[in-house]
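The sequence isn't on hand, but the structure is:
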């Protein structure tokens, strides 16, 4: 079975500060991993995806994520957060049958 | 222009009634999916279709029936609605079934009274 854990339900950062959102996965084998963002009252938008290869992947709006097989992690990072990044971020895994299994999400709040 | 259309955006229904949620994608994708997001549970997978054929069903209840009249359509019929069915239902699509990234529609927010 595949699963994803996002240990931080809520993260608050100051605008301009760096950001890391944590994601741990469980899967027997090498998974496909994704980060999605959900802005208030909107659907999900894909930020970035990991397919087996370079462990560091670049996404939109300055986001990047690093895959670690040894740590079973796929943490999301951004060097400088903007107020418009205020949203809920979901980590997801796709293993068997192409279904996405999502974590519970991390709510990011940005302080001025 | 929106590439994945879901209708309606909001839906209110009474317990025991039946509703159909509409999804159309204009991305030329061959696979489509339904997911549900409620206050009690995180986003959860419901169904996947590839070339209009059901590939996976993770919904325990037969009250939820996907319907695919065209390759770019995947509607969701829900019968005998219950308050616990209240959730936002998201349609998604991907180029092919099997590892490709999925793109999501804006969702239909269903409230069952």
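Happy to help now that I have it. Remember, it's a predicted structure, so these values are computed and weren't measured experimentally. Numbering: from 1, shown residues only, chains lettered A, B, ... in the order given.

In this structure residue B:23 contacts residue B:106, no?
No - in this structure, residue B:23 is not within contact of residue B:106 by CB atoms under 8 Å, at 10.3 Å. Backbone N, C-alpha and C define where each C-beta goes, glycine included.

Contacts for stretch B:28-37 next, please.
The contact list for stretch B:28-37, computed with CB atoms under 8 Å, 6 or more residues apart in numbering or on different chains, reads A:98-100, B:23, B:25, B:43-51, B:55, B:66, B:68, B:71-72, B:74, B:76, B:87-97, B:100, B:102-104, B:107.

Buried residues, that stretch. List them.
Within stretch B:28-37, the residues that qualify as buried are B:29, B:30, B:31, B:32, B:33, B:34, B:35, B:36, B:37, counting by 16 or more other CB atoms under 10 Å in any protein chain shown.

Would you enumerate the residues in contact with residue B:101?
Contact analysis of residue B:101 by CB under 8 Å, 6+ apart lists A:34, A:46, A:49, B:94.

Determine the set of other helices and strands touching the helix or strand of chain B with the lowest mean pLDDT.
In chain B, no helix or strand scores lower on mean pLDDT, DSSP states H and E than strand B:53-57, which sits at a mean of 88. For strand B:53-57, the packing partners by 3 or more CB pairs under 8 Å, 6 or more residues apart in numbering or on different chains; DSSP states H and E come out as strand B:44-50.

Okay, now the sheet partners of the strand it packs on, with direction.
Strand B:44-50 has its sheet partners listed here by DSSP bridges as strand B:31-37 (antiparallel), strand B:53-57 (antiparallel).

can you give me how far the least confident helix or strand of chain B is from the chain middle?
13 Å (CA atoms, centre = their mean, to the nearest Å).

What lies in contact with it?
By CB under 8 Å, 6+ apart, strand B:53-57 touches A:97, A:98, A:99, B:31, B:45, B:46, B:47, B:48, B:49, B:66, B:97.

Can you redo the strands paired with strand B:44-50 as a markdown table, where the extra columns are distance to residue A:65?
Shown next, in a markdown table, are the strands paired with strand B:44-50 (distance: least, CB to CB, whole Å):
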| stretch | distance to residue A:65 |
| --- | --- |
| strand B:31-37 | 21 |
| strand B:53-57 | 26 |
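
And the residue nearest the centre of chain B?
residue B:34 (3.4 Å; CA atoms, centre = their mean).

dump the residue contacts of residue 100.
With no chain named, the answer covers chain A. Shown in contact with residue A:100 (CB under 8 Å, 6+ apart): A:34, A:92, A:93, A:94, B:33, B:35, B:43, B:45, B:92, B:102.

my question was about chain B
Here residue B:100 is in contact with A:98, B:31, B:94 (CB under 8 Å, 6+ apart).

Also residue B:81?
Residue B:81 makes contact with B:13, B:14, B:15, B:16, B:17, B:18, B:19, B:63, B:112, according to CB under 8 Å, 6+ apart.

what about the second one, neighbour count?
It refers to residue B:14. Using other CB atoms under 10 Å in any protein chain shown, residue B:14 has 8 other residues around it.

That one against residue B:113, yeah?
Yes - Residue B:14 lies in contact with residue B:113 (CB under 8 Å); the separation is 5.6 Å.

returning to that earlier point: and the least confident helix or strand of chain B, what's buried?
B:55, B:56, B:57.

same deal with stretch A:72-91?
For stretch A:72-91, the neighbour count (16+ other CB under 10 Å) marks A:73-76, A:78, A:81, A:85-91 as buried.
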